[in-house]
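1. Could you work out the structure for the sequence below:
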Amino acid sequence: MRFRKMDSIVEAVGHTPMVRLRTLEKDAPGTKIYLKLEYANPGGSVKDRPARQMMLDAIEDGRLTNDKILIDATSGNTGVAYSLFGAAMGYRIHLVMPSNVSQARKDITEAFGTEIIYSDPMEGSDGAIVKVRKMVAENPDRYFYPDQYSNPSNPRAHYLGTGTEILEQVGDEITHFVAGLGTSGTCMGTTRRFREHSRKIECIAVEPAEALHGLEGLKHMASSLVPEIYDPKLPDEILPVGTDAGWDMSDRLAEQEGLHVGHSTGANVAGALEVAKRADATCVVAIACDRGDRYFAPMKWEKHYEW
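-> Down below sits the predicted model:
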């Protein structure tokens, strides 16, 4: 797979590597902890999977055509993926995002020719959703609105890809799976795939512990617009993780494991380490959503703000 030849960058999504976190394992003796490096996707994040799936499914059934502009609300990573694939496949992309998302992701999306429409930073991702829905309602013939928060192709991408790959990589060992809740697509789709496995795999959903938090890309569901694709009964457990824990774990992964990851990944791994200390855990897998280089702009004192 490593040396496969591709006709387009669109084919480069998936088949991401998994790395063992041996330093962290010292805190949970007897348990293996693995991190699936979704930042190895061509757009640099786990969001490449649902963005590609939503676009390909819409092209196939005629919802996305060359005379329409793809528009969606995004905190950044899905927008990078839309922009990448839009450029590769010849579709125009408009994105609505809070004006305080990291500068790196603004620059990356614009480099692909994407037009950005900014929403109120104080309203977070929910404000971007409200704004894009208003725009689409006013011009329904102009836009194709995939709506990553309600599109079944989002979790389907992880059912077909992420979950299947993890089973291929550690299916004979995995006892617990940990993924954060944003759109919830990664957790929902992967969990559904694991439910079909020959033995039980505990699936834990990580969410921010506070309504006002600094874990960009994650949702505190009780205080947010809940994605239609989210089923709170599907995970075996909802695990709250604080902003400080997510940021501190991101620093630890860089310093001790050589992995420079974002704060949502830090939250996932903080949750995974907590789970790894349980008596029934022997192999825990967490998701690395993206790289840390997209988070250079925020300073330490900003960690208590909602992104």
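2. contacting residues around the closest residue in space to residue 89 that isn't next to it in sequence?
-> Spatial nearest neighbour of residue 89, excluding adjacent residues (C-beta to C-beta, 6 or more residues apart in numbering): residue 10 at 6.5 Å. (Each C-beta comes from the backbone N, C-alpha and C, glycine too.) Residue 10 makes contact with 52, 56, 85, 88-89, according to C-beta atoms under 8 Å, 6 or more residues apart in numbering.
3. I'd like these laid out as CSV, including pLDDT and secondary structure.
-> CSV is the format used below for the contacts of residue 10 (pLDDT from 0 to 100; DSSP: H, G, I helix; E, B strand; the rest coil):
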residue, pLDDT, secondary structure
52, 98, helix
56, 98, helix
85, 98, helix
88, 97, helix
89, 97, helix
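4. Show me which of the residues you listed is closest to residue 30.
-> Proximity to residue 30 was ranked across these by C-beta to C-beta; first place goes to residue 52, at 38.2 Å.
5. what comes up buried for the lowest-mean-pLDDT helix or strand in the chain?
-> Ranked by mean pLDDT, DSSP states H and E, the weakest helix or strand in the chain is helix 103-111, scoring a mean of 85. Across helix 103-111, burial judged by 16 or more other C-beta atoms under 10 Å covers 104-106, 108-109.
6. Would you mind putting the residues you listed into TSV with distance to residue 154 alongside?
-> Rendered in TSV, the data for these read as follows (distance: C-beta to C-beta, whole Å):
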residue	distance to residue 154
104	23
105	19
106	23
108	21
109	19
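7. in these, which two residues are the furthest apart from each other?
-> Taking C-beta to C-beta as the measure, those reach their widest spread between 104 and 109, a distance of 9.8 Å.
8. Could you double-check that residue 273 sits in contact with residue 26?
-> No. Counting by C-beta atoms under 8 Å, residue 273 sits too far from residue 26 to count as a contact (10.5 Å).
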